[in-house]
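>>> Coordinates for the following, if possible.
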Amino acid sequence: MALAEQYATHVANSLASTATVMPAPQGANLFMSLHTEDPTPDCSLGELVGSGYLRTAISFDAVSVADSINLENNAPVIFPAATATIVDDVEFYGIWDDQLAGEPIAYGKLASPIVWTNLASVAFQTGMLVLELYTKPATCTIP
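The predicted model follows:
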């Protein structure tokens with residue numbers, strides 16, 4: 001998962017200032033979007049429309065792993081049943097601070113495409129969506 005352009009700018013500004021806390025998304029809630037093409041850093045491309053689709057709530061917990069801290073979804077994310085078959089495969093996702101508009105926080109590519117058929121729902125199990133934040137620089141050696 002990569003940070004979205006607007007949120008990455010907030011993080012960069014925070015790092016360049018004397019702030020000691022990473023910026024939090026503006027909204028208290030986060031929502032996951034689904035896309036049929038790479039949404040790009042501003043998350044403007046390929047978001048599903050119609051067929052009963054609506055961004056779905058998602059929440060994360062921090063999990064320490066070696067030299068990084070991962071943010072992993074802490075509960076299943078379940079999109080309601082589609083009211084028609086989505087024509088294109090769903091291959092990407094975004095994380096937003098609002099269900100209908102808002103600012104994108106992050107985006108990524110799914111491990112495998114999803115074919116979303118009529119009357120089926122789509123679910124992501126706990127821990128499937130990960131944003132890795134490095135806390136220590138990589139060790140470099142010069143020969």
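>>> Every contact and neighbour count from this point should use C-alpha atoms.
OK.
>>> what's the neighbour count on the closest residue to F60 other than its chain neighbours?
The shortest distance from F60 to any non-neighbouring residue, by Cα to Cα, 6 or more residues apart in numbering, is to N73 (4.3 Å). Counted with other Cα atoms under 10 Å, residues neighbouring N73 total 20.
>>> repeat for A123
11.
>>> partner strands of whichever helix or strand it is part of, parallel or antiparallel?
Assigned by DSSP states H and E, A123 falls within strand 122-124. In the sheet, strand 122-124 lines up against strand 77-79 (antiparallel) (DSSP bridges).
>>> Skip ahead from the strand it pairs with and say which helix or strand is next.
Counting by DSSP H and E, what follows strand 77-79 is strand 90-96.
>>> could you give the mean pLDDT of the longest strand seen in the chain?
Longest strand in the chain by number of residues (criterion: DSSP state E): strand 104-114. Across strand 104-114, pLDDT averages out at 87.
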